[in-house]
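**Q** Turn this into a model:
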Amino acid sequence: MMLKNTGTSYGLIAILFHWVMAVMIFVLFPLGIYMTSLDYYDRWYRISFSWHESIGMLVLMLLIFRLFWRWLNQKPDPHVEMSRWQSFAANVAHWLFYVFIFVVCLSGYFISTAEGQGINIWDFVTVPAVSSFESGFSDKAGVVHWYAALMLIALACVHTLAALYHHFILKDRILINIIKGDRNER
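**A** Below you'll find the model as predicted:
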């Protein structure tokens with residue numbers, strides 16, 4: 001398998017970006033819900049909050065690298081199996097993913113740094129706060145964070161259903177391309 005994309009398939013790096021970020025996002029959502037169900041003084045609240053922040057910052061870094069990688073690489077040609085509207089919908093969905101991931105990560109960053117403290121990523125590195133904000137800003141960022149996360153998860157569910165529809169109903173190679181990186185092999 002090639003590292004870079006080709007005209008017919010995704011390369012290993014694009015595939016890894018896709019799956020690693022997908023797993024991280026599907027971990028962050030239930031972790032965030034669990035975390036907010038705990039009492040502020042609960043030991044698990046602190047642990048889950050730290051993990052949520054750390055994974056969230058890694059997702060933001062991966063998003064930046066992913067967009068840079070996408071810019072450097074060619075995009076595989078549209079699948080011949082897809083109609084024009086499906087190809088258009090897939091492109092819109094991918095760009096919405098980038099927007100929602102960015103909004104969720106940025107609003108999470110603002111929640112965590114609203115009082116001027118940086119985000120400590122697993123005691124390895126600290127992402128500094130750009131500023132402290134007025135009272136209530138964290139609550140507003142929290143509302144944005146919640147609704148953007150809901151939209152992101154809803155989009156991911158539709159995306160997953162579309163991939164499964166292509167694989168099991170239409171029996172085309174679209175899902176295989178993002179798993180193996182090859183449209184033509186069985």
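**Q** Output stretch 135-149 in CSV with nothing but the alpha carbons.
**A** This file holds the C-alpha atoms of stretch 135-149, laid out as CSV (Å, rounded to 0.1, in the frame of the first residue of the first chain):
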residue,chain,number,x,y,z
SER,A,135,-17.6,35.4,33.3
GLY,A,136,-20.1,33.4,31.4
PHE,A,137,-18.0,32.9,28.3
SER,A,138,-17.2,29.3,29.3
ASP,A,139,-21.0,28.6,29.5
LYS,A,140,-21.5,30.0,26.0
ALA,A,141,-18.6,28.0,24.6
GLY,A,142,-20.1,24.9,26.4
VAL,A,143,-23.4,25.4,24.5
VAL,A,144,-21.5,25.7,21.2
HIS,A,145,-19.4,22.6,22.1
TRP,A,146,-22.5,20.5,22.9
TYR,A,147,-24.5,21.3,19.8
ALA,A,148,-21.5,21.1,17.5
ALA,A,149,-20.7,17.7,19.0
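**Q** to the chain's geometric centre, what's the distance from stretch 18-32?
**A** 7 Å (C-alpha atoms, centre = their mean, to the nearest Å).
**Q** What residues sit buried inside that stretch?
**A** 18, 21, 25, 28, 29, 31, 32 (16 or more other C-beta atoms under 10 Å). Every residue, glycine included, has its C-beta placed from N, CA and C.
**Q** Mean confidence (pLDDT) on that stretch, please.
**A** Mean pLDDT, stretch 18-32: 97.
**Q** now do stretch 36-52
**A** Per-residue scores along stretch 36-52 average to 94.
**Q** what's the first-to-last distance across it?
**A** End-to-end span of stretch 36-52 (C-alpha to C-alpha, to the nearest Å): 11 Å.
**Q** Residue ranges in the protein under the pLDDT threshold?
**A** 183-186 (pLDDT under 70).
**Q** those helices in this structure, which residues are they?
**A** 12-37, 43-72, 84-113, 137-164, 174-180 (DSSP state H).
**Q** who wins for proximity to residue 78 among these?
**A** With C-beta to C-beta, the closest approach to residue 78 among these belongs to helix 84-113: 4.5 Å.
**Q** Could you list the buried residues of the closest one?
**A** So, applying 16+ other C-beta under 10 Å, buried residues of helix 84-113: 86, 90, 97, 100-113.
**Q** Can you tell me which helices and strands that helix packs against?
**A** Judged by 3 or more C-beta pairs under 8 Å, 6 or more residues apart in numbering; DSSP states H and E, helix 84-113 is in contact with helix 43-72, strand 119-121, helix 137-164.
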